[in-house]
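A.B. asks: build me a model:
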Amino acid sequence: MSQKIKLCAICGINNATTREHVPPKGIFIKPRPVDLINVPAVLTAIIQPPLRMKISGSIWAFMSQDILIKENSFLKKLLFSQPKKNIKLRKQIIVSNKPALLKTPGGIIVDMAVIVPWDSDAHDKTIDKIIRGLFYHHHGKIIGSNAEIKVHFFNEFPVLDIQLDNYSIGYGIFRYGFRKVDDAEYSSVWLFNFYNGHLAGGYTVKKQYETT
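C.D. replies: Next comes the predicted model:
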């Protein structure tokens with residue numbers, strides 16, 4: 001980090017004391033890719049949710065909205081490497097897993113699977129953090145409290161009437177597209193694809209403050 005003091009790109013309040021990966025590096029298996037993105041951050045912004053993020057990362061490996069992602073060696077390696085190192089995560093998986101039927105869109109049962117409910121709160125906070133970090137990475141501006149972020153989960157990506165700038169990290173493990181409104185400082189849209197199956201994203205819009 002340079003000698004110039006920078007604010008945390010995530011909270012936009014405290015001075016950065018380290019750097020944080022966006023998306024969290026825990027979603028990638030070791031040895032991790034060399035093209036990961038990191039931004040200035042403060043430890044308090046990182047310490048609060050790491051376990052929840054790691055749990056979310058493993059559950060993403062298990063499923064995409066209650067569907068087991070099968071026959072993917074990367075996902076299997078990611079999934080089974082983390083619980084061995086994390087007793088709490090392993091217990092959560094054992095306690096909360098349940099059997100389920102895999103069906104086609106037409107309702108035809110094709111297989112049996114084991115699924116694990118995800119932590120939607122941790123998921124949304126992780127997506128929020130990724131948007132904040134990538135916004136800073138690409139535009140050099142800290143969202144902080146200047147804009148509201150609305151997070152969404154998608155069964156399939158929405159059809160947009162705008163062209164997104166598309167990027168890929170970690171050999172395609174995390175792919176994302178975004179577009180910032182040219183004449184609006186903090187307005188943007190983001191679409192994320194984790195593991196070629198978990199789709200999420202959100203948009204940012206400048207806060208409107210009431211005048212007295």
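
A.B. asks: just to check, residue 201 is in contact with residue 179?
C.D. replies: No. Using CB atoms under 8 Å, residue 201 makes no contact with residue 179, being 11.3 Å away. All C-beta spots, glycine's among them, are computed from the backbone N, C-alpha and C.

A.B. asks: and these two? Which one has more around it.
C.D. replies: For residue 201 versus residue 179, the count of surrounding residues by other CB atoms under 10 Å is larger for residue 201: 22 against 16.

A.B. asks: what helix or strand is residue 134 on?
C.D. replies: For residue 134, the enclosing helix or strand under DSSP states H and E is helix 120-139.

A.B. asks: now do the contacts for the closest residue to residue 147 other than its chain neighbours.
C.D. replies: Distance criterion CB to CB, 6 or more residues apart in numbering; nearest residue to residue 147, sequence neighbours excluded, is residue 186 at 3.8 Å. With contact set as CB atoms under 8 Å, 6 or more residues apart in numbering, residue 186 has these partners: 141, 143, 146-147, 204-206.

A.B. asks: and those residues, which two are furthest apart?
C.D. replies: 141 and 205 (14.2 Å; CB to CB).

A.B. asks: output the below-cut-off pLDDT ranges for this structure.
C.D. replies: The chain contains residues with pLDDT under 70 at 1-5, 44-94, 97, 102, 112-119, 161, 209-212.

A.B. asks: and the helices in it?
C.D. replies: Listed from the start of the chain, the chain has helices (DSSP state H) covering 43-47, 50-62, 73-85, 87-96, 120-139.

A.B. asks: domains of the protein?
C.D. replies: Residue ranges for the domains of the chain, per automatic domain parsing: 50-115, 120-206.

A.B. asks: for the longest one, what is the spacing between the initial and final residues?
C.D. replies: Taking CA to CA, to the nearest Å, the span from the opening residue of domain 120-206 to its closing residue is 25 Å.

A.B. asks: and for stretch 145-163?
C.D. replies: Using CA to CA, the span of stretch 145-163 from its first residue to its last is 27 Å.

A.B. asks: can you list contacts of it?
C.D. replies: 12, 65, 123-124, 127-128, 131-132, 143, 179, 185-187, 189, 191, 193, 199-207.

A.B. asks: for residue 198, list each beta-bridge partner.
C.D. replies: residue 194 (DSSP bridges).

A.B. asks: residue 122 versus that one, what's the distance?
C.D. replies: In this view, residue 198 and residue 122 are 14 Å apart by CB to CB, to the nearest Å.

A.B. asks: may I have stretch 21-38 as PDB, with CA atoms only?
C.D. replies: Listed next in PDB are the C-alpha coordinates belonging to stretch 21-38 (Å, rounded to 0.1, in the frame of the first residue of the first chain):
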ATOM      1  CA  HIS A  21     -10.200  -9.500  -2.100                       C
ATOM      2  CA  VAL A  22     -13.400  -9.000  -4.100                       C
ATOM      3  CA  PRO A  23     -14.900 -11.500  -4.500                       C
ATOM      4  CA  PRO A  24     -13.700 -13.100  -1.300                       C
ATOM      5  CA  LYS A  25     -10.700 -15.300  -2.100                       C
ATOM      6  CA  GLY A  26     -12.300 -18.200  -0.200                       C
ATOM      7  CA  ILE A  27     -14.500 -19.000  -3.200                       C
ATOM      8  CA  PHE A  28     -11.300 -20.100  -5.100                       C
ATOM      9  CA  ILE A  29      -9.400 -23.300  -4.400                       C
ATOM     10  CA  LYS A  30      -5.600 -23.300  -3.700                       C
ATOM     11  CA  PRO A  31      -3.400 -22.500  -5.400                       C
ATOM     12  CA  ARG A  32      -5.500 -19.400  -6.000                       C
ATOM     13  CA  PRO A  33      -5.500 -17.600  -9.400                       C
ATOM     14  CA  VAL A  34      -3.100 -14.700  -9.900                       C
ATOM     15  CA  ASP A  35      -5.700 -12.400 -11.300                       C
ATOM     16  CA  LEU A  36      -7.700 -11.900  -8.000                       C
ATOM     17  CA  ILE A  37      -8.800  -8.300  -7.300                       C
ATOM     18  CA  ASN A  38      -8.100  -6.600  -4.000                       C
END
